[in-house]
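Participant: Show me the folded form of this:
(chains A and B)
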Amino acid sequence: MTQLSMTDQTITFTSESEVRQAARDFARVMAESVEFQAFMATTEKLRTDAEAQHTIQAFQQKQRSLQTLQMLNAVSAEDQAELDQLQQAFFSNPTTTAYLQAQENLIAIFQASADLLSQSIGLSFSAACGPGCC
Amino acid sequence: MDTSNPNLPANILAATERMAAAITSSEPFVVFNNAKAHLDNDSGAQHLLKRLSAVQADIRKRQMNGDVAQTDLDLLRAIQREVQSNPIIIDYSRTQQEAISYLTQINQEISQLLGVDFASLAGPASC
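Facilitator: Below you'll find the model as predicted:
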C-alpha cells in the first residue's frame, strides 16, 4: 500500500505492483477456466483442420467477391445460391461450429466479468480499452 | 457489487472482485473519483455542462432544418471556451484520461497472459 496526502487527509492507495498482481491472478483464473481451455483447443483444431480451413476460405472468398454487388442489391440468383451453399458448409462443419460455440462461450464469460468490473470501478472497462467502433 | 452473478463461476467471480477492489483503490482511480465527486458537487460546473448540452442539442435540431445562425455558433463556442477553462471540469477530464490509460495498462497485462485481447472480446458486439 502507498500513502499520499490529498488536501487535508491521508489516503492509502493500493500499490501498482498489487494491482498488477491482481490482474495477473485474474488472467490465470480465466486461463484455467473450462471456457478458455475449450476455446484454445478448438482454435488449434481449426488451425490444423485442412477441410475446415478450405470451407472457411471458400466461403470468405465468395463473400468478398460479392461484397460490392450485395451493397447494390445486384447479386445474381446463381451467385446467391453458391454463397448460401458455402455458408451452409461453413456452419455445418463440426470443427468450425465447435470453434464458434467455444468463442461464444468465452465471450460470454469475458463480458460478464468485464461488466462486473465496470460496475465496480465506475468506468466501462471494454469501452476504455477496446477498439473504437467501426 | 453484485456477488450473485449467475453467469460467472465462483473462482472467476472472486478474481474479478479482487481485481476490481485493487483498481478502485489504486492512485489513478482514487484521484479520478475524487475529481468526479468535486464535479458532481459543483453547481457552477454542472450548470455549465447542462448549458453546453442544451445548446448542442438545439444546434443539432436547427442543423436538420438548415436553420443555424452565426449567433448560435458563437454562443456554442463561448460556452465551449468556458467549459475548457473551468478548473473542476479540466481536473475531471484529466484524471478520467489517466484512469482510462491505467485501465489500458491493466488490460495489456491480462491480455499478454491470455494471448487474446480481453477488452476487445469483452466489448459489446460492434457494427
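
Participant: Just list what the lengthiest helix in chain A packs against, helices and strands only.
Facilitator: When chain A is parsed with DSSP state H, its longest helix is helix A:94-121. Here helix A:94-121 touches helix A:16-31, helix A:34-48, helix A:50-71, helix A:125-129, helix B:10-24, helix B:118-122, going by 3 or more Cβ pairs under 8 Å, 6 or more residues apart in numbering or on different chains; DSSP states H and E. Bear in mind the C-beta positions are built from the backbone N, C-alpha and C, glycine included.

Participant: For B:Asp42, find the nearest of those helices.
Facilitator: Counting by Cβ to Cβ, B:Asp42 lies closest to helix B:10-24 out of these; the figure is 22.6 Å.

Participant: so where's chain A uncertain?
Facilitator: A:1-9, A:130-134 (pLDDT under 70).

Participant: Need the residue closest to the centroid of it.
Facilitator: A:Ile107 (5.4 Å; Cα atoms, centre = their mean).

Participant: Which residue comes closest to that one once chain neighbours are left out?
Facilitator: B:Leu121 (5.4 Å; Cβ to Cβ, 6 or more residues apart in numbering or on different chains).

Participant: residues touching that neighbour, list them.
Facilitator: By Cβ atoms under 8 Å, 6 or more residues apart in numbering or on different chains, B:Leu121 lies in contact with A:106-107, A:110.

Participant: Quick check: the closest residue to A:Thr97 other than its chain neighbours vs A:Thr14, distance?
Facilitator: Spatial nearest neighbour of A:Thr97, excluding adjacent residues (Cβ to Cβ, 6+ apart): A:Phe91 at 6.4 Å. From A:Phe91 across to A:Thr14, the span is 46 Å (Cβ to Cβ, to the nearest Å).

Participant: Looking at these two, which is more packed in?
Facilitator: A:Thr14 (20 against 12; other Cβ atoms under 10 Å in any protein chain shown).

Participant: The more buried one touches B:Ala20, doesn't it?
Facilitator: No: applying Cβ atoms under 8 Å, one finds A:Thr14 not in contact with B:Ala20, separated by 11.2 Å.
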